[in-house]
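Chemist: With the input below, show me the fold.
(chains A, B, C and D, ligands or ions: 2)
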Number of protein chains: 2
Amino acid sequence: MLRISKLTDYAVVLATALSETESPRSVAQLALGTGIPAPTVSKVLKTLTREGIVVSQRGKFGGYRLARPADAISIAELIVAIEGPISVTECAESADGAACALHDDCGVRANWKKINRAVEAALEEISISDMSGPEEKLVPLLRSFRAAEENRKVVNADLTDALTEEVERYG
Amino acid sequence: MLRISKLTDYAVVLATALSETESPRSVAQLALGTGIPAPTVSKVLKTLTREGIVVSQRGKFGGYRLARPADAISIAELIVAIEGPISVTECAESADGAACALHDDCGVRANWKKINRAVEAALEEISISDMSGPEEKLVPLLRSFRAAEENRKVVNADLTDALTEEVERYG
DNA sequence: TCAAAATAGGACCATGCGAGTCCTATTTGG
DNA sequence: CCAAATAGGACTCGCATGGTCCTATTTTGA
Ligand code: SF4
Ligand code: SF4
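Modeler: Ligands and ions are numbered 1, 2, ... in the order given. Okay, the predicted model is just below:
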């Protein structure tokens, strides 16, 4: 789990589709191209229009196109547009303690906040243009991933020691 | 959004609480200490027991304690235990295309998979012991975060050069 | 001027899932 | 045998998500 909503997923698919051409495309065209049902396409794009991520053109030969270059639209932005602010935990969303009953006396809150910001930052690095092309475009993400992989080896080494020690202690 | 479930959040709080002592603590004690309602504490810990993350002791003076050192229990593990496999998109969960109707003809699927693995890897780096203490403990995460921050500047300055260089080096 | 093609804005429902409670059985120690 | 604890589920309640559909508005061109 830890999932984005389906509509958000659709938003990414649609934005990626829109990044392929400059000219506006209608809901019908996009529905045909992506396989997403037309009413749903409409719903998503209306929201993205309100959020200033795509621009709409009414009337004949109208449709939707990206408001900015595909490099300047991040995954994080799309998530925020559809689902609201990125917040892995409840307390990460609202600054005040209204969301969670444990807020005032929670020892892990500060660290969750850091995690939240890290996830947010990572998703801000990924643009629509990164999604459209081959996977090699995901450079920033891959770099972080690799760093994490290397670090895991260190942790695993420590883990092995810890386990043997644990086995000795508890049988 | 992009939120973990509340029960998962509780799992982290409880695991962190358990990491403070070696001796088993009862549901009542933990409920008192954390502020989480006792029935909910019980539910979460029963799940964590099934998943082998904590061990239980029945009868008088029984309770729960961590099955492993706090360094060897990751946030990712807790999420998986409560919510199931980490999957930012539907298609990331099940390998086959059963989950999503667009699966077979989806251009962004491969890239989402990479993102999913990166998030997964990052959360595997963070242990319960990282959560309990001061924020300085979140070293791996901060490392990724810093890398992403630095990379953003590079991307903004000259995306093309960074890409070609990166592809040559790792590709 | 009118009709067609498109989006804008909601209203609407249905269903699944998360959160939380509670009951009964089982284990364990005194 | 009793008391204290967990094990395992069943159960309900509420609400967010997904999805559809209807009507108004804008735009273009015949
Ligand atoms: S305050 Fe603590 S328990 Fe509440 S949402 Fe934040 S991290 Fe979770
Ligand atoms: S296949 Fe494409 S549309 Fe379906 S869940 Fe995966 S990324 Fe989203």
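
Chemist: what's the spacing between the residue of chain A found nearest DNA strand D and A:Ser26?
Modeler: Nearest to DNA strand D, among the residues of chain A, is A:Gly59, at 2.5 Å (C-beta to the nearest atom of the strand). Quick note: C-beta positions are derived from backbone N, CA and C, even for glycine. For A:Gly59, the distance to A:Ser26 equals 11 Å [C-beta to C-beta, to the nearest Å].

Chemist: So between the two, which is more surrounded?
Modeler: Between A:Gly59 and A:Ser26, counted using other C-beta atoms under 10 Å in any protein chain shown, A:Ser26 has the larger neighbour count: 18 against 6.

Chemist: Tell me how far that one lies from A:Tyr64.
Modeler: Counting by C-beta to C-beta - A:Ser26 and A:Tyr64 are separated by 8 Å.

Chemist: Around ligand 2, pick out the residues from chain A.
Modeler: A:Asp9, A:Val13 (C-beta under 6 Å from any ligand atom).

Chemist: so where do the strands sit in chain A?
Modeler: Taking DSSP state E, the strands of chain A run over residues A:54-57, A:63-66.

Chemist: Domain parsing of chain A, as residue ranges.
Modeler: A:1-84, A:86-171 (automatic domain parsing).

Chemist: Save those as JSON lines, and put in distance to chain B too.
Modeler: Output for these, formatted as JSON lines (distance: least, C-beta to the nearest C-beta, whole Å):
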{"stretch": "domain A:1-84", "distance to chain B": "4"}
{"stretch": "domain A:86-171", "distance to chain B": "4"}
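
Chemist: I'd like to know which of these lies nearest to B:Glu51.
Modeler: domain A:1-84 (14.4 Å; C-beta to C-beta).

Chemist: The closest one and DNA strand C, are they touching?
Modeler: Yes. Under the criterion of C-beta under 7 Å from any atom of the strand, DNA strand C is reached by domain A:1-84 at A:1, A:26-28, A:42-43, A:45-46, A:49-50, A:56-64.

Chemist: follow-up on the earlier one: kindly present the strands of chain A as JSON lines, with separate columns for distance to A:Ser5.
Modeler: Shown next, in JSON lines, are the strands of chain A (distance: least, C-beta to C-beta, whole Å):
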{"stretch": "strand A:54-57", "distance to A:Ser5": "18"}
{"stretch": "strand A:63-66", "distance to A:Ser5": "20"}
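
Chemist: which one of those strands is the most hemmed in?
Modeler: strand A:63-66 (a mean of 21; mean count of other C-beta atoms under 10 Å in any protein chain shown).

Chemist: Just the buried positions in stretch A:16-36, please.
Modeler: A:16-19, A:24-27, A:30-31, A:33-36 (16 or more other C-beta atoms under 10 Å in any protein chain shown).

Chemist: Restrict that stretch to CA atoms and write it as PDB.
Modeler: C-alpha atoms of stretch A:16-36 as PDB (Å, rounded to 0.1, in the frame of the first residue of the first chain):
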ATOM      1  CA  THR A  16       2.000  12.300 -20.100                       C
ATOM      2  CA  ALA A  17      -0.300  11.900 -23.000                       C
ATOM      3  CA  LEU A  18      -0.700  15.600 -23.300                       C
ATOM      4  CA  SER A  19       3.000  16.100 -23.300                       C
ATOM      5  CA  GLU A  20       3.300  14.400 -26.600                       C
ATOM      6  CA  THR A  21       1.800  17.200 -28.700                       C
ATOM      7  CA  GLU A  22       1.400  20.900 -28.500                       C
ATOM      8  CA  SER A  23      -2.100  21.200 -29.900                       C
ATOM      9  CA  PRO A  24      -5.100  20.700 -27.600                       C
ATOM     10  CA  ARG A  25      -6.800  17.400 -27.500                       C
ATOM     11  CA  SER A  26     -10.400  16.700 -26.600                       C
ATOM     12  CA  VAL A  27     -11.600  14.400 -23.900                       C
ATOM     13  CA  ALA A  28     -12.800  11.900 -26.500                       C
ATOM     14  CA  GLN A  29      -9.400  11.700 -28.100                       C
ATOM     15  CA  LEU A  30      -7.600  11.300 -24.800                       C
ATOM     16  CA  ALA A  31     -10.100   8.600 -23.700                       C
ATOM     17  CA  LEU A  32      -9.500   6.700 -26.900                       C
ATOM     18  CA  GLY A  33      -5.700   7.100 -26.600                       C
ATOM     19  CA  THR A  34      -5.300   6.100 -23.000                       C
ATOM     20  CA  GLY A  35      -8.200   3.700 -22.400                       C
ATOM     21  CA  ILE A  36      -9.500   5.700 -19.500                       C
END
